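S.K.: Below is the sequence, then the predicted model.
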Amino acid sequence: MTYGSYIRNARERRRARDRTYSLRQVALRIGVEPAYLSKIERDQVPPPSEATIRRLARDLDEDPDLLLAMAGKVSSDLKSIILQRPQLFADLLRQLKDASDHAILTVVREVRDGDW
């Protein structure tokens, strides 16, 4: 599924329950022209900026990190964290590349809970 088709599907799912999720109304709420949002949904333009993706995620009740990743972008807060220790984080991510979701969640929980 492309970025645009994912956005369109998410918007259309909400529109089926709530008519305020028309393309025009969503575009106005997130601060873009309806024609631009239409082009995004049809993959005629590259994904928008991080700020626009975050507004779109908030409006559609989607995970902003997921939408950023689908757009080939990394959140600015994650970039700044990685840039503080680039070699360590690069090594960590490479080590986790083939790990199962369960293994990654275990690591996250251990770090978060301070049990490591």
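M.R.: That came through fine. Residues are numbered from 1 along each chain as shown.
S.K.: low pLDDT regions in the chain?
M.R.: 115-116 (pLDDT under 70).
S.K.: Looking at the record's assignment, how would you partition it?
M.R.: Per the record, the chain has its domains at 3-75, 85-113, by automatic domain parsing.
S.K.: what's near enough to touch the nearest residue to Thr2 once chain neighbours are set aside?
M.R.: The shortest distance from Thr2 to any non-neighbouring residue, by Cβ to Cβ, 6 or more residues apart in numbering, is to Asp43 (5.1 Å). All C-beta spots, glycine's among them, are computed from the backbone N, C-alpha and C. Asp43 makes contacts with 2-5, as judged by Cβ atoms under 8 Å, 6 or more residues apart in numbering.
S.K.: Counting residues, which helix of the protein comes out longest?
M.R.: Longest helix in the chain, counting residues (DSSP state H): helix 3-17.
S.K.: tell me which residues in it are buried?
M.R.: 3-4, 6-8, 10-11, 14-15 (16 or more other Cβ atoms under 10 Å).
S.K.: possible to save the residues you listed as TSV with distance to Tyr36?
M.R.: Output for the buried residues of helix 3-17, formatted as TSV (distance: Cβ to Cβ, whole Å):
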residue	distance to Tyr36
Tyr3	14
Gly4	12
Tyr6	17
Ile7	12
Arg8	14
Ala10	17
Arg11	14
Arg14	19
Arg15	18
